[in-house]
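> Here's my sequence, what's the structure:
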Amino acid sequence: DGDAKITSFTVSPQSGPQGTFNLDLEFDSKNGTGTGELILECETVDHLPVSGGFITEAQPAGQYSKQFNLKAEPDPNCDPSQGPCEQWLPGNYNVKIYICNGECGSKHPHSQIYDTAQTSFTITQ
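Have a look, this model is predicted:
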């Protein structure tokens, strides 16, 4: 059976103005992983859902690292008449990551969440 265990999930900078926050993920796999997903979810101050997903290829046993850039600034192309726009207000933001075999949250028998972790950052202005 495949596996993945998160060994580190950090954000840099941990505090700063609106802009890009760098997320670093490190994980180990003893038996290798199946094809699956990485899902990032950000809990925002104004409670608008911000998330993203990435398909992951099957990997042999080993140590892995991935980097993600979270652009924490208002999207100039967001049209408020089409729905709410994330403003990235000052405050604390929690970011969760899920490493999954198959589709995260799926009811298929082969799908499972290998591991999850959380980190946070603060927007100061």
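> Okay, strands next: where are they in the protein?
5-12, 15-16, 19-29, 36-43, 50-56, 62-72, 91-101, 112-123 (DSSP state E).
> Looking at the ones you listed, which is nearest to P84?
strand 50-56 (11.2 Å; C-beta to C-beta). Placement of C-beta: from N, CA and C, glycine included.
> Parallel or antiparallel, which strands does that closest one pair with?
When sheet partners are counted by DSSP bridges, strand 50-56 sits next to strand 36-43 (antiparallel).
> one step back: any chance of the strands of the chain in CSV, with mean neighbour count, mean pLDDT and distance to P80 too?
Listed next are these as CSV, based on neighbours: other C-beta atoms under 10 Å; pLDDT from 0 to 100; distance: least, C-beta to C-beta, whole Å:
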stretch, mean neighbour count, mean pLDDT, distance to P80
strand 5-12, 15, 98, 28
strand 15-16, 14, 98, 26
strand 19-29, 17, 98, 22
strand 36-43, 19, 97, 20
strand 50-56, 13, 95, 16
strand 62-72, 13, 97, 18
strand 91-101, 19, 98, 20
strand 112-123, 17, 97, 20
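> which one of the ones you listed lies closest to D79?
strand 50-56 (16.7 Å).
> Please tell me how far the nearest residue to Q14 once chain neighbours are set aside sits from E41.
Using C-beta to C-beta, 6 or more residues apart in numbering and skipping the chain neighbours, the partner closest in space to Q14 is F121 (5.5 Å). Going from F121 to E41 by C-beta to C-beta, to the nearest Å gives 14 Å.
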